[in-house]
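Asks: what's the 3D shape of this:
(one chain, ligands or ions: 1)
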Amino acid sequence: MIRLKPSISNYFFILFLFLPTVFGNANEPIQHMVKVFVPSLSITEQKLWQIQQRVPFKLRYRSIDSVLVSVTTTALPQFTALIRQEFARSTTTILDSQPLSKMSDVNYYVLDTSLLPDLSEHTNLVDTLDSGRVVLVRANDSDVIGLPVHFRAKLPLEILVGARAPRLIKLTFQPNIELEQIIANISPQPWRQIIQTMTLNPDVSTPGYQFLSRYALRVRRAIQHDGQPEPDSACDNSGEWIAKQFQKLGLVVGMDSFQHTRSQIGAGKIGTYTMNNIVATRPGRGPNRDQFYLLVAHYDSISSKTKGWQQQWRTMPAPGASDNASGVAILLEVARLVRNLDLDCSIRFIAFSGEELFLYGSKHYCHQIKSETADLSADQIIGVLNFDLIGHDQDGNLDIHVVYDERSQWLANAFKTVNQKYEFPLDLRLQYNPSFIYSDHSPFWEIGIPAVLLSEESSFESTESIEYIHSQADNMDKITDSLGELAVKLAVATTVELAANNNSYVPKAREKEISKLLWNVILFPNPVNLGQGESLSLDYFLSEPSKVEINLYNNNGWSIHNQTYRIGKIGGKKGRNSAFRWNGKMENGQLVAGGVYTLQLTALARSGTSETTYLPVALVR
Ligand SMILES: [Zn+2]
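Replies: The predicted model follows:
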């Protein structure tokens, strides 16, 4: 007999465990535990949800290539047939020839293999998974093997497929906030270690080989043009590694795959690539568990500023330490540090691919949010925290920039409040800048979801980061531990404050906000120096395609310049519009007189909704 001390380190070994409730009740239909193995990354949450709509099953565990489900005897044939139909090369294995519902005192566990030698006396090995084994343990023996009761109680009894799936277990919300203690113990070492591993990107299947790159076109699955060399699997490899880290922390992990066609880089023709966003969900425990905060960071990298990249991107290193292993490391650290806290809302971590090719992963994700089969709808997402380029502090100021738009000001304020409350020595700089669209927060802005960017820099004009990013110099030398430690602390504290208490930060008027037609309107520069050849520019977002009218009035109420954009066309399309430019010349070719004018912007949607805004602008000659 062995007795494991219920220490923190045990938590790493135990991936997940199953309680006997649903099996122990004689009134429940007889259920079998079934393993579905699919030798690819195609078991997406969405696909499982679709299958669940057709035949009922309960998802008990999932890993990268397999899931464990419980299915009733009557539904079993249909389930097996559907799986065969939906996943080519899949296998289904029934793990219990004697259904568990007939053995009330037996529990299922998934344990890390490293625990097994000592547990053999009390366990019955059923099957293996990629990172663990499925074992049966008699209820009496679960205490013997030292799985602490409080730990067991914290785990969900089953994994829900999709947030819209009916919830079978009623959870009571008992907040359990030991936040201050968690924060006090945060050190930068685990964060740095994750960045180090990601920059080396060791091959999971070839020991000793390191890809040294996470460039998004270096993937396993590509449709090639004639004569082009096979790509390797650098980006897929990194995605798989990230997925496994989330999985070890007990999160529900899925791959959100999408295709991207790239015709050419430099002189070389290329093809169609399949990329993967890694989506890991940590369910909330409170009444607002159907509401989500998204913590996102891209994991792909690029070295396009290094000489020879255009020709040699298939082999060249792209370490991407600060851009953006640092952001992914924050996600993994938050997932690890909050894993034992009871939070009200759910948290979803997404590691995006294809960001450096221009936000392909986040654009894909935001596009599918609108589809019928999306497991999460836009109105379930309260806010998005995007971490990009947050590992390097050049000037010793320990500054972190929080970039927000009109709808996410409250989120930026939450960071500011938390930074003050916990007295972090961070120079937090809030920047209202809806034009800063160069990272994964911006596709969320486009569809009206509040999103903020946290970064060491928020201007391409700054000298602080511009030199080393997107080159081979973005390596471990650039990683500043003191900044990382504070960034992790800030991310943990803010995430927990937001997800634990939904009321003090989120504005009450959020629903009304979402229905706004016109937002993020900015006029720049203002004042505009027409005499120096400057032009007046206007940026705005539309919730729906609209007819847009722009009028510039002088003090006497005369319109001196106007512009109309057609519904759904440039200047009138859904999302961000930035077509308006005016050099100050009137119809007769003369420059308009200097002074303060009023710009009127009106949007009229097909539904009849209209919205008008007025902005003062100073014209200088
Ligand atoms: Zn980046």
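Asks: quick one: residues contacting Trp263.
Replies: You called it Trp, but residue 263 is Ser. Ser263 sits next to Lys269, Ile270 when contact means Cβ atoms under 8 Å, 6 or more residues apart in numbering. C-betas here are computed from N, CA, C, even on glycine.
Asks: against Lys363, how distant is it?
Replies: The spacing between Ser263 and Lys363, counted by Cβ to Cβ, to the nearest Å, is 18 Å.
Asks: and if you look at Pro425?
Replies: In terms of Cβ to Cβ, Pro425 sits 36 Å off from Lys363.
Asks: what's the answer for Ile381, then?
Replies: Distance from Ile381 to Lys363, by Cβ to Cβ: 16 Å.
Asks: same thing with Ala325?
Replies: In terms of Cβ to Cβ, Ala325 sits 22 Å off from Lys363.
Asks: what do you get for Thr612?
Replies: On the measure of Cβ to Cβ, Thr612 and Lys363 end up 30 Å apart.
Asks: when the two are compared, which one has more neighbours?
Replies: Lys363 (18 against 13; other Cβ atoms under 10 Å).
Asks: pretty sure Thr93 contacts Met33?
Replies: No: at 9.5 Å, Thr93 does not count as touching Met33 under the criterion of Cβ atoms under 8 Å.
Asks: settle it for me: which of those two has more neighbours?
Replies: Using other Cβ under 10 Å, the more surrounded residue of Thr93 and Met33 is Met33, with 24 against 13.
Asks: looking at this, the more buried one is in a strand?
Replies: Yes: counting by DSSP: H, G, I helix; E, B strand; the rest coil, Met33 is part of a strand.
Asks: bridged to it, which residues?
Replies: Ser70 (DSSP bridges).
Asks: next one: it from Phe79, what distance?
Replies: 12 Å.
Asks: what's the overlap in contacts for the two?
Replies: With Cβ under 8 Å, 6+ apart as the test, Met33 and Phe79 both reach Val69.
Asks: domain parsing for the protein?
Replies: 8-154, 179-513, 516-620 (automatic domain parsing).
Asks: residue of the stretch 151-300 of the chain nearest the ion, please.
Replies: In the stretch 151-300 of the chain, the residue found nearest to the ion is His298; the distance is 5.6 Å by Cβ to the ion.
Asks: ok, the closest residue to that residue other than its chain neighbours - contacts?
Replies: Closest residue in space to His298, ignoring its immediate chain neighbours: Glu355 at 3.3 Å, by Cβ to Cβ, 6 or more residues apart in numbering. Residues in contact with Glu355 (Cβ under 8 Å, 6+ apart) are Ala216, His298, Asp300, Asn324, Gly361, Ser362, Asp388, Ser439, Asp440.
Asks: what about the third one, distance to Arg214?
Replies: Separation of Asp300 from Arg214 (Cβ to Cβ): 5 Å.
Asks: from Ile195, how far out is whichever residue of the stretch 351-500 of the chain sits closest to the ion?
Replies: Closest to the ion within the stretch 351-500 of the chain is Asp388: 4.2 Å, counting by Cβ to the ion. Distance of Asp388 to Ile195, given as Cβ to Cβ: 14 Å.
Asks: higher neighbour count, these two?
Replies: Shown here are Asp388 and Ile195; by other Cβ under 10 Å, Ile195 has more neighbours (28 against 25).
Asks: my guess is that one is in a strand, correct?
Replies: No: in this structure, Ile195 is helix, not part of a strand, as judged by three-state DSSP.
Asks: who touches the helix or strand where Gln420 lies?
Replies: Using DSSP states H and E, Gln420 maps to helix 409-421. Contacts to helix 409-421, defined as Cβ under 8 Å, 6+ apart, come from residues 383, 385, 402-404, 426, 428, 430, 432, 450-452, 454, 490, 493-494, 497-498, 505-507.
Asks: for ChimeraX, write the selection for the buried entries among these.
Replies: Applying 16 or more other Cβ atoms under 10 Å to the contacts of helix 409-421, the buried members can be selected in ChimeraX as follows:
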select :383,385,402,403,404,426,428,430,450,451,452,454,490,493,494,497,498,505,506
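Asks: just the ones of the contacts of helix 409-421 in strands?
Replies: In strands, judged by DSSP state E, the following of the contacts of helix 409-421 are found: Gly383, Leu385, Val402, Val403, Tyr404, Leu428, Leu430, Tyr432, Ala451, Val452, Leu454.
Asks: need the worst-confidence member of these.
Replies: Across the ones in strands among the contacts of helix 409-421, the member with the lowest pLDDT is Tyr432, scoring 87.
Asks: related to what we said a few turns ago, most neighbours, which of the contacts of Glu355?
Replies: Asn324 (33 neighbours).
Asks: helix, strand or coil for it?
Replies: helix.
Asks: residue numbers of the stretch 351-500 of the chain in contact with the ion?
Replies: Applying Cβ under 5 Å from the ion, we find that the stretch 351-500 of the chain lies next to the ion at Asp388.
Asks: ok, 6 Å please
Replies: Glu355, Asp388, Leu389, Ser439 (Cβ under 6 Å from the ion).
Asks: switch those over to a markdown table; also include pLDDT.
Replies: Compiled in a markdown table, those are given as follows (pLDDT from 0 to 100):
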| residue | pLDDT |
| --- | --- |
| Glu355 | 96 |
| Asp388 | 96 |
| Leu389 | 94 |
| Ser439 | 95 |
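Asks: what residues are shared contacts of Asp300 and Arg214?
Replies: Jointly contacting Asp300 and Arg214 under the rule Cβ under 8 Å, 6+ apart are Cys235, Ser238, Gly320.
Asks: centre of the chain to the helix or strand containing Ala351, how far?
Replies: In this assignment (DSSP H and E), Ala351 forms part of strand 346-352. Remark: strand 346-352 is offset 4 Å from the chain centroid, using Cα atoms, centre = their mean, to the nearest Å.
Asks: now the helix or strand just after it: buried residues?
Replies: Downstream of strand 346-352, the first helix or strand assigned by DSSP H and E is helix 360-369. For helix 360-369, a neighbour-count test (16+ other Cβ under 10 Å) marks Tyr360, Gly361, Ser362, Lys363, His364, Tyr365, Cys366, Gln368, Ile369 as buried.
Asks: can you redo those as a markdown table with distance to Asp539?
Replies: A markdown table is the format used below for the buried residues of helix 360-369 (distance: Cβ to Cβ, whole Å):
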| residue | distance to Asp539 |
| --- | --- |
| Tyr360 | 23 |
| Gly361 | 24 |
| Ser362 | 20 |
| Lys363 | 19 |
| His364 | 24 |
| Tyr365 | 23 |
| Cys366 | 19 |
| Gln368 | 26 |
| Ile369 | 23 |
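Asks: find the residue at the geometric middle of the chain.
Replies: Ile350 (2.3 Å; Cα atoms, centre = their mean).
Asks: ok, that residue touching Val279?
Replies: Yes: using Cβ under 8 Å, Ile350 is in contact with Val279, at 5.3 Å.
Asks: what about the residue lying closest to Tyr360 once chain neighbours are set aside, how many residues nearby?
Replies: Of all residues not flanking Tyr360 in the chain, Gly354 sits nearest, at 3.1 Å (Cβ to Cβ, 6+ apart). As a burial measure, Gly354 scores 26 neighbours (other Cβ under 10 Å).
Asks: re the thing from before, from the domains of the chain, which stretch is densest packed?
Replies: Compared across the domains of the chain, domain 179-513 shows the largest average neighbour count, a mean of 20 (mean count of other Cβ atoms under 10 Å).
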